[in-house]
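Asks: Compute the structure for the input listed below.
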Amino acid sequence: CVVKTISQLTGVNIPFAAMVTFGGVIQITDAIGGVTVCVANGIKDRYTGLNLPAGNVTIQGLEALQFLRTRHGVGDGGDLGRISNQQQYMSRLVSKLRSEEVLSNPATLYKLASTTLRNVDPSTSLTNPLTLVQIAMAVKDVPFNEIVFVQYPTYTDPSDPNRVVPDREAADALWSALAANQP
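Replies: From the prediction side, this is the model:
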């Protein structure tokens, strides 16, 4: 459903996708010893039970899942705040995965690989090991500062201030930049 929706919004065919279960998030985060995130103002969310102080915090286990699911503890309590948390987590996860702490530790790599295989449900196009190697080879030398997470551009729905609607003009600029491999 996500792939279909993104393809429809962007007009871009998405050939590869994978899904990680909630339990998988916990196990993958634990396999690498946690992920350090930056919490601007502290988060206290009675819905998820998350209670984090402001500053850099290493999260793992259930706390990582709570961080990814909270929306009441950040911003205006909407999904866009949650998306920002998820993007920060993914960015910090990628950074940790590329670190010497993970890459130079065979035990950690093995634990990560085993955990990932048990918790990631790939699209059929990602089940070929050669395809995975080709993707890894294509992205292995991409500088970390060139990995950017963006949200689909939106604005407040004029008929409902609790909703957002696509900002197609800004989205067209975003997709054009992506297609041209430009910032």
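
Asks: what's the burial count for Val102?
Replies: Using other C-beta atoms under 10 Å, Val102 has 17 neighbouring residues. Placement of C-beta: from N, CA and C, glycine included.

Asks: Need the three-state assignment for it.
Replies: Recorded secondary structure, Val102: helix (DSSP: H, G, I helix; E, B strand; the rest coil).

Asks: what's the weakest-modelled helix or strand in this structure?
Replies: helix 129-139 (a mean of 79; mean pLDDT, DSSP states H and E).

Asks: How about residues contacting the helix or strand just after that helix?
Replies: Going down the chain from helix 129-139, the next helix or strand is strand 154-157, by DSSP states H and E. With contact meaning C-beta atoms under 8 Å, 6 or more residues apart in numbering, strand 154-157 is reached by Leu80, Arg163, Val164, Val165, Pro166, Asp167.

Asks: name the element Arg163 belongs to?
Replies: strand 160-166.

Asks: residues of the next helix or strand after that strand that come out buried?
Replies: Next in sequence after strand 160-166, counting helices and strands by DSSP H and E, comes helix 168-179. By neighbour count with 16 or more other C-beta atoms under 10 Å, helix 168-179 contains the buried residues Leu174.

Asks: Got phi/psi on the closest residue in space to Asp121 that isn't next to it in sequence?
Replies: Nearest non-adjacent residue to Asp121, counting by C-beta to C-beta, 6 or more residues apart in numbering: Met19, 4.6 Å away. Dihedral angles of Met19 (phi, psi; degrees, to the nearest 10) stand at phi -120, psi 140.

Asks: what about Met19, neighbour count?
Replies: As a burial measure, Met19 scores 12 neighbours (other C-beta under 10 Å).

Asks: Do I have it right that it meets Leu126?
Replies: No. In this structure, Met19 is not within contact of Leu126 by C-beta atoms under 8 Å, at 10.6 Å.
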